[in-house]
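Asks: Return a 3D structure for these sequence lines:
(3 chains)
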Amino acid sequence: MHLHKYEKIWLVFGMASLVLFLLIIGFAAFWKGTHPQSHIETIDPQNVEAHDAFKPENLGIREVADGKYIVNIVASAFNYDFGKDTEGNAIKTIRVPKGSTVLYQITTKDVVHGFQVAGTNVNMMVEPGHISRYEAVMKNVGEFTIVCNEYCGIGHHQMYGTVEVYE
Amino acid sequence: MGKRNTVQHQPNPHESTHSLKGTFIAVMLLGVFILVSWFGFYALFLSR
Amino acid sequence: MTKVQLPLSKKESRLYMAFMWVTYISLLIGGLMGLLQTLVRSGKYTLPFNIDYYTILTVHGVILGLVLTTFFIIGFQFSLMGKTVGISDKQLKVAWLSFWVMLIGTIMAAVTILVGEASVLYTFYAPLRAHPAFYIGLALVIIGSWIAAFVNFRQLYVWKKAHKGEKSPLPAFMVIINMLMWFIATIGVATSVLVLFIPWSLGYAETINVLLSRTLFWYFGHPLVYFWLLPAYMAWYVVIPKIIGGKLFSDALARMAFILLLMFSIPVGFHHQLTEPGIDPTWKFIQVVLTFMVVIPSLMTAFSIFATFETTGRRKGFKSLFGWFKKLPWKDVRFLAPFIGMAAFIPGGAGGIVNASHQMNALVHNTIWITGHFHLTAATTVILTFFGITYWLVPHLTGRRLTPRLNKLGIIQTFIWTFGMTIMSGSMHIQGLLGGPRRSSFSEYAGGEQVATWINYQIAQAVGGTILFIGILLMVYIFIQLTFFAPRGVQEYPIAVEEDDAEPTPKILENWYLWIGITIALILFAYTIPVIDILKHSPPGSLPFDWPIGR
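Replies: The predicted structure is shown next:
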């Protein structure tokens, strides 16, 4: 089989570019630990409250150290449960200062959902029986819409929340 | 078809390196496009 | 390669046309659904009769993604086989069986969706549960396509026995590669549907393993998109050179590209599951590497196409660096439509590399960028090439010809499509980068600036979608003209031949045991350990959920 000289150069160039991409993302993933979320912890979807993080009183945001937060969420069709405020109303907005490190932990009681803090790299599948977990530094100030980005039923587009990052 | 020999009786147009110059430039531009766009999106990913 | 094309008998033409009919009816129905979706998402229109957005979204995805593509591809591939290796009466009968099984399955699934019993989208992710008829219908479509695959295998086998020592005709070789890939890949989704979904939807199994069902789906889901793309590549490699008055660039390289596509299209499904919680990230990365390998045959294809253009142009005497490019047959729609398809694959392919880039996938996963992406690759690259094939295939089959007027309408169609898709897909890409989700009806969410920006892009998508629907109406009109009303005549079936002095194709390229063996080895390598992991670390299974989809 004969390859034209130019085709050889082109294929070497093309493959070298692909290798370069792989080296960059591979280095970031294996040395810097920025894998896509893959938490591999399982849970009974019919009894998520048995897990400490998803007990009703532990839902929502909690500061665990200076500038470090954990947000626990239970998803269900068609709602994100961020817990209740002191007056007993459902929380819909998470507020954190700019530059804080936030660990999002979420699971679902029923069907598959998505969890994306739109405009950030927090973007996870949420599947029954699994805990999704992703830590992100909230670098930019603004109001970011949390959207369910995996179809979960006829009310899918009404499933949302907000993350507010302030100065 | 496969039984034909490869002896060239006249200059073979698709063999002279000159004749695929345009192709070469075109694919290299394509390659540069892929590189530039990938790094652009990677930068966006890092900025978030 | 055989120089003589076999004539297509009336009987076989009727079969191939049956597949084309389902294709264009699907285009009309699926396209209408697409139009309605973009209108709903603009926020300025609500569906009549209480029809649910997700019902029409399911129809759109199933009818265009699974039905239109599969019927067109199998019909076109049958015609390629008929042209190059022939079909016997018995094979023809079995081929008709495949058509009917697929059609019955399609109708079953479509009716179930339309009555609102299967608003689960074309990915039917558990534990949303559709009516069993939906899954059974899908299984029949797959089984029908397997019958077609085995007819194709038999056709080549019979030809090979009669032509000892000859290499198979290139188009037939390509068809066999595509059907092999399809068969190996659909085993995954068929297992998922037959073993997991059907018993569970009927109530025989109480729970379902969600992650396993998704993994089996995506084991099929990525080769599915290559099953769409390969027929387009067939046209680019063997049809386009003939239309522009040239010859094959290289028989051997074309075969090599197809073999690589067979090997690397399948062990890559995890790149659709990169943001899932239950899969080991190292195995995700391994499949990312394999995904990048499947880019290589496309790089080869790009070179091949440009080289065909340049060689042909230079032979006609165009000397300057890009003179050959200007002189391509731009006014011939059989060339123009696939050409735009090729051009769309440049941003489409580049976007695909971004999507598959492991952690970078979080930038775009399940945003409407993805929808924009496959409307470039599938709904532009693939479909414009399919339209380009239709312009000569249908009149060839009906004994008519593509008149200058229809050619002109085709060119207008191509421009409408390009224009509409640039607007729609472009705005989807941008909105996706801004975080706008896919598969979502109109919503203002919590309000705010971010959402307001998304809605502006959704209005742009409605404009693009409307233009595209006009393009669909025009295409269906052209199809009907070519079928019933175009003047009788002879329309060429363009298949390019090799150069007279082409190098012989190495025999090893037809060593099926070798290539299938490597393909299976790669699949086992990429999937065995992660699937064992998934099974070993399974959470309690999921009960079915009917109410979220309004059942």
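
Asks: Which one of the residues in chain B is closest to chain A?
Replies: residue B:24 (4.1 Å; C-beta to the nearest C-beta). Where C-beta positions appear, they are placed from N, C-alpha and C, glycine not excepted.

Asks: what's the helix or strand for that residue?
Replies: helix B:21-47 (DSSP states H and E).

Asks: Show me what that helix is packed up against.
Replies: The contact analysis (3 or more C-beta pairs under 8 Å, 6 or more residues apart in numbering or on different chains; DSSP states H and E) places helix B:21-47 against helix A:5-30, helix C:295-315, helix C:333-355.

Asks: now those helices in TSV, with mean neighbour count?
Replies: Putting these into TSV (neighbours: other C-beta atoms under 10 Å in any protein chain shown) gives the following:
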stretch	mean neighbour count
helix A:5-30	16
helix C:295-315	23
helix C:333-355	22
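
Asks: Pull out the buried residues from the helix holding residue B:24.
Replies: For helix B:21-47, the buried set under the neighbour-count rule, 16 or more other C-beta atoms under 10 Å in any protein chain shown, comprises B:22-24, B:26-27, B:30-31, B:34-35, B:37-38, B:41-42, B:45.

Asks: in the stretch 201-350 of chain C, which spans are helices?
Replies: Counting by DSSP state H, counting those that start in this stretch, the segments of the stretch 201-350 of chain C that form helices are C:210-234, C:240-243, C:251-264, C:281-293, C:295-315, C:323-326, C:333-355.

Asks: Out of the ones you listed, which is closest to residue C:157?
Replies: Among the helices of the stretch 201-350 of chain C, the nearest to residue C:157 by C-beta to C-beta is helix C:251-264 (17.9 Å).

Asks: May I see the buried residues of that closest one?
Replies: Buried residues in helix C:251-264, counted by 16+ other C-beta under 10 Å: C:251-264.

Asks: Make a markdown table out of those and add pLDDT and distance to residue A:159.
Replies: A markdown table is the format used below for these (pLDDT from 0 to 100; distance: C-beta to C-beta, whole Å):
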| residue | pLDDT | distance to residue A:159 |
| --- | --- | --- |
| C:251 | 93 | 54 |
| C:252 | 93 | 53 |
| C:253 | 93 | 50 |
| C:254 | 95 | 48 |
| C:255 | 95 | 49 |
| C:256 | 95 | 48 |
| C:257 | 96 | 44 |
| C:258 | 96 | 43 |
| C:259 | 96 | 45 |
| C:260 | 96 | 42 |
| C:261 | 96 | 39 |
| C:262 | 95 | 41 |
| C:263 | 95 | 40 |
| C:264 | 95 | 37 |
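
Asks: ok, these vs chain A, which is closest?
Replies: Nearest to chain A among these is residue C:252, at 4.4 Å by C-beta to the nearest C-beta.

Asks: Burial check on the closest residue in space to residue C:341 that isn't next to it in sequence, number of neighbours?
Replies: In this structure, residue C:341 finds its nearest non-sequential neighbour in residue C:384, 3.8 Å apart by C-beta to C-beta, 6 or more residues apart in numbering or on different chains. Look at residue C:384: counted by other C-beta atoms under 10 Å in any protein chain shown, it has 25 neighbours.

Asks: Point me to the helix or strand that includes residue C:384.
Replies: Going by DSSP H and E, residue C:384 is part of helix C:383-398.

Asks: CA atoms only: put that helix into PDB for me.
Replies: Listed next in PDB are the C-alpha coordinates belonging to helix C:383-398 (Å, rounded to 0.1, in the frame of the first residue of the first chain):
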ATOM      1  CA  ILE C 383     -28.100  14.000   5.400                       C
ATOM      2  CA  LEU C 384     -26.900  16.300   2.700                       C
ATOM      3  CA  THR C 385     -24.800  13.400   1.300                       C
ATOM      4  CA  PHE C 386     -28.000  11.200   1.500                       C
ATOM      5  CA  PHE C 387     -29.900  13.900  -0.400                       C
ATOM      6  CA  GLY C 388     -27.000  14.000  -2.900                       C
ATOM      7  CA  ILE C 389     -27.400  10.300  -3.400                       C
ATOM      8  CA  THR C 390     -31.100  10.600  -3.800                       C
ATOM      9  CA  TYR C 391     -30.800  12.900  -6.800                       C
ATOM     10  CA  TRP C 392     -29.400  10.100  -8.900                       C
ATOM     11  CA  LEU C 393     -30.400   7.000  -7.100                       C
ATOM     12  CA  VAL C 394     -34.200   7.500  -7.200                       C
ATOM     13  CA  PRO C 395     -34.400   8.400 -10.900                       C
ATOM     14  CA  HIS C 396     -32.000   5.500 -11.600                       C
ATOM     15  CA  LEU C 397     -34.400   3.200  -9.800                       C
ATOM     16  CA  THR C 398     -37.600   4.600 -11.300                       C
END
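
Asks: Follow the chain on from it and name the next helix or strand.
Replies: Helix C:383-398 is succeeded, C-terminally, by helix C:404-433 (DSSP H and E).

Asks: What are the buried residues along the helix or strand following that following helix?
Replies: Next along the chain after helix C:404-433, taking DSSP H and E as the criterion, comes helix C:449-480. Neighbour counts over helix C:449-480 (16+ other C-beta under 10 Å) mark C:450-451, C:454-455, C:457-458, C:460-462, C:464-469, C:471-472, C:474-475, C:478-479 as buried.

Asks: Could you confirm whether the helix or strand bottoming out on mean pLDDT in chain C reaches chain A?
Replies: For chain C, using mean pLDDT, DSSP states H and E, the weakest element among its helices and strands is helix C:323-326, scoring a mean of 86. No - Helix C:323-326 stays clear of chain A (C-beta under 8 Å from any C-beta of the partner chain), getting no nearer than 15.0 Å.

Asks: picking that back up, for the residue nearest to residue C:341, give its distance to chain B.
Replies: Counting by C-beta to the nearest C-beta, to the nearest Å, the separation of residue C:384 from chain B is 19 Å.

Asks: Quick check: that residue touching residue C:345?
Replies: No - the criterion here is C-beta atoms under 8 Å, and residue C:384 misses it with residue C:345 at 10.1 Å.

Asks: Around chain B, pick out the residues from chain A.
Replies: A:4-6, A:9-10, A:13-14, A:17, A:21, A:24, A:119-121, A:139-140.

Asks: Closest to residue C:165 out of those?
Replies: residue A:4 (28.3 Å).

Asks: so who does the closest residue in space to that closest one that isn't next to it in sequence touch?
Replies: Once flanking residues are discounted, residue A:4 sits nearest to residue B:20: 6.1 Å by C-beta to C-beta, 6+ apart. Applying C-beta atoms under 8 Å, 6 or more residues apart in numbering or on different chains to residue B:20 gives the contacts A:4, A:6, B:14, C:307, C:310, C:311.
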